[in-house]
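Student: Have a look at this prediction, sequence included:
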Protein chains: 2
Amino acid sequence: MASNKIGQCTWKFANHVHVLSSAATVGPMEGEGKLKDSYDRIYPDLYAGQDTWEKAERTMMEDAVTIAIHKAGLTEREIDVFLAGDLLNQNISSSFTAKTNQIPFMGVYGACSTSMLSLTLAAALVDAGFAKYAVAAVSSHNCTAEKQYRYPTEYGGQKPDTAQWTVTGAGACVVGLVHQGPRITHATIGSVQDMGIKDPFDMGSAMAPAAADTIQKHFQDTGRSPKDYDLIVTGDLASVGLPIARELLEKAGYVMGERFQDCGLMIYTSEQDTFAGGSGCASSAVVTYGHLLHEMCVGKYQRILVVATGALLSPISYQQGESIPCIAHAVVFENEKGGEQTDAGRY
Amino acid sequence: MASNKIGQCTWKFANHVHVLSSAATVGPMEGEGKLKDSYDRIYPDLYAGQDTWEKAERTMMEDAVTIAIHKAGLTEREIDVFLAGDLLNQNISSSFTAKTNQIPFMGVYGACSTSMLSLTLAAALVDAGFAKYAVAAVSSHNCTAEKQYRYPTEYGGQKPDTAQWTVTGAGACVVGLVHQGPRITHATIGSVQDMGIKDPFDMGSAMAPAAADTIQKHFQDTGRSPKDYDLIVTGDLASVGLPIARELLEKAGYVMGERFQDCGLMIYTSEQDTFAGGSGCASSAVVTYGHLLHEMCVGKYQRILVVATGALLSPISYQQGESIPCIAHAVVFENEKGGEQTDAGRY
């Protein structure tokens, strides 16, 4: 059977799965960036009223989830399942958010690809009737990720220009079978790619082949090409990884052009020193849920492909000399012809 | 809609989703335990031919997955999606296994509840036609978990009797729409329970309310009672947690009786000093995939409920004074009347 699968690794959502609402919450630096008018909440500092960065990250996820549910005109009790993940050890931002909202919870993990991983599963569960409404969410925080993956944050270690800046923020969206807002039509599930890169300060190079692989499989499975999309956006390849992915895809015969962009390059201004650009689960999430879905509702884009990219390393795997396995999951958002495209304020 | 959901948080798999095969691989101590004849591979030492414990854990998961796929008469290329999780930071056992097997990969995390979390999603995706065949897998390793969650393993810190012993091993199973072996009919998705327990050396007490909550919701959603099951087994409540869960359920009116057992109490002999009993993702996985499914095939059980329990803490959340959020996910396995119940060797 597998009637909802097309090609090698693409799922087709046969029913009308739509994003009913979305929300993005961000830290102060993101709130001064290029998309500063796109966010639902900008915290004045990195603590968000809490006494640790970890609790601050959790607050950002809790707020994004609450805002998204509220925008959809729903309550927590009406949501059937909450799918969430983050970068912290043992996924604690997500688990503690699930403690707060008390929605049946399924934790997921795909590093920075978790945004589209959680959304893909949410869409599949709604499409198949296991949930009427599902919420997908992710978060990341510059200071928690720094101490988790690299050095104590206060140490202020020097970094090369290939390094990226973890985005502080969270994104959430509500998915349901309701004719409003952008529809989710397909998702392409990535498999792990590893070209042997071991440098955790060059995630863009490590992740680029995973992005290119998933995009190429998406085109093969759907019979589509770049021109079928108004925008194809990767999660956090940034200035080092995006050109590599572009080159890999062009070698495979796909002319990506101007429509091929990266969320990590859309968040900060050039004056903000973020090395190669933004990264983290929140990179693709705050851009997609805070900005792109709104742009779709006001008619700027009709069909977009969001390709969230993840580096599946841990400090232990790095210390034991292992290379960085990477993955990318892609989701198609589409304005439905004749569908209601009102109330862009929900996105 | 949500036609495949019944009650508050239970999913019904309307199609014939079956476990086509399963496999369990374990360390030397488990290989000398009560279920020593149930495992597919027993490694002679904790390194499993690798030079670190983390790589050993990964080898155990890789082997469990390979054996399960082989038993089902399939190849990796025929599997549509691989759902896996483990206890290590950033889920590396699962991600590196996904690098090896190259199956489209979705990482999941629910601490020790990950066994039934991954299986629930695998069953849902097969039921809905997003995958023809899916593999669910988990792993844990005593030495990697010890250094991850507590103290350096070599330090040999003293523990109270309420502590548990992380099971070394991995379990995997293949799910598909084929009339053979035990059918997966329902799953109940847990929400986070937290009674304020902060002691990481008493996970049984922390997790018991989550197990009781999910079991109670399962009965409410399905209209069933304990007597509808030949066995109701929790993942790793062990000798401290199981009586608490039993008491909570009896207070709610459910007489659990002898059919209510715990995987963590089924693995080791009384001579093996494991404090309150086994724990870890592998606890429920090696018992279910190595032992219980086989017992179903030879007719000992007709219908069982496996309730995997997870403590969603991290060392950071513990150090910051937080209590331990817990969750439990439950899956119903059932021998189908008139179905072929042959070849118990696949389990």
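Tutor: Done, it's in.
Student: how much space between the residue nearest to residue A:127 when sequence neighbours are not counted and residue A:150?
Tutor: In this structure, residue A:127 finds its nearest non-sequential neighbour in residue A:13, 4.4 Å apart by C-beta to C-beta, 6 or more residues apart in numbering or on different chains. For glycine as for every other residue, the C-beta is placed from the backbone atoms N, C-alpha and C. Counting by C-beta to C-beta, to the nearest Å, the gap from residue A:13 to residue A:150 is 38 Å.
Student: More neighbours: which of these two?
Tutor: The neighbour comparison of residue A:13 against residue A:150 (other C-beta atoms under 10 Å in any protein chain shown) goes to residue A:13, with 25 against 17.
Student: Could you give the number of residues near residue A:161?
Tutor: 10.
Student: cool, the one 10 residues further on as well?
Tutor: Residues within reach of residue A:171, counting by other C-beta under 10 Å, total 35.
Student: For it, give me the backbone phi and psi.
Tutor: Note on residue A:171: its backbone torsions stand at phi -140, psi 150 [degrees, to the nearest 10].
Student: tell me the contacts of it?
Tutor: The neighbours of residue A:171, taking C-beta atoms under 8 Å, 6 or more residues apart in numbering or on different chains as the test, are A:22-25, A:64, A:115, A:137-139, A:282, A:284-286, A:288-290.
Student: residues in contact with the lowest-mean-pLDDT helix or strand in chain A?
Tutor: When the helices and strands of chain A are scored by mean pLDDT, DSSP states H and E, helix A:142-149 comes last with a mean of 90. Applying C-beta under 8 Å, 6+ apart, the contact partners of helix A:142-149 are A:27, A:29, A:46, A:53-54, A:57, A:87-89, A:153, A:165-168, A:200, A:280, A:315.
Student: For the stretch 201-347 of chain A, which residues score under the pLDDT cut-off?
Tutor: A:338-342 (pLDDT under 70).
Student: repeat that for 80
Tutor: A:337-343 (pLDDT under 80).
Student: Which parts of the stretch 201-347 of chain A are strands?
Tutor: Taking DSSP state E, counting those that start in this stretch, the strands of the stretch 201-347 of chain A run over residues A:231-234, A:260-262, A:278-279, A:303-311, A:326-334.
Student: would you turn those strands into TSV with distance to residue A:192 and mean neighbour count?
Tutor: Below are the strands of the stretch 201-347 of chain A laid out as TSV (distance: least, C-beta to C-beta, whole Å; neighbours: other C-beta atoms under 10 Å in any protein chain shown):
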stretch	distance to residue A:192	mean neighbour count
strand A:231-234	17	26
strand A:260-262	21	23
strand A:278-279	18	34
strand A:303-311	10	29
strand A:326-334	5	28
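Student: so how far is stretch A:220-230 from its chain's centroid?
Tutor: Its chain's average C-alpha position is 20 Å from that of stretch A:220-230, according to C-alpha atoms, centre = their mean, to the nearest Å.
Student: Please save the CA atoms from stretch A:173-180 in CSV.
Tutor: Extracted in CSV, the C-alpha atoms of stretch A:173-180 (Å, rounded to 0.1, in the frame of the first residue of the first chain):
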residue,chain,number,x,y,z
CYS,A,173,2.3,26.3,14.5
VAL,A,174,-1.1,24.8,14.7
VAL,A,175,-2.1,22.3,12.0
GLY,A,176,-5.6,21.1,11.2
LEU,A,177,-8.1,20.1,8.5
VAL,A,178,-9.5,23.6,8.0
HIS,A,179,-9.6,25.6,4.8
GLN,A,180,-7.6,28.6,6.0
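Student: Which residues belonging to stretch A:140-160 are considered buried?
Tutor: A:140, A:141, A:142, A:143, A:144, A:145, A:146, A:147, A:148, A:149, A:150, A:153 (16 or more other C-beta atoms under 10 Å in any protein chain shown).
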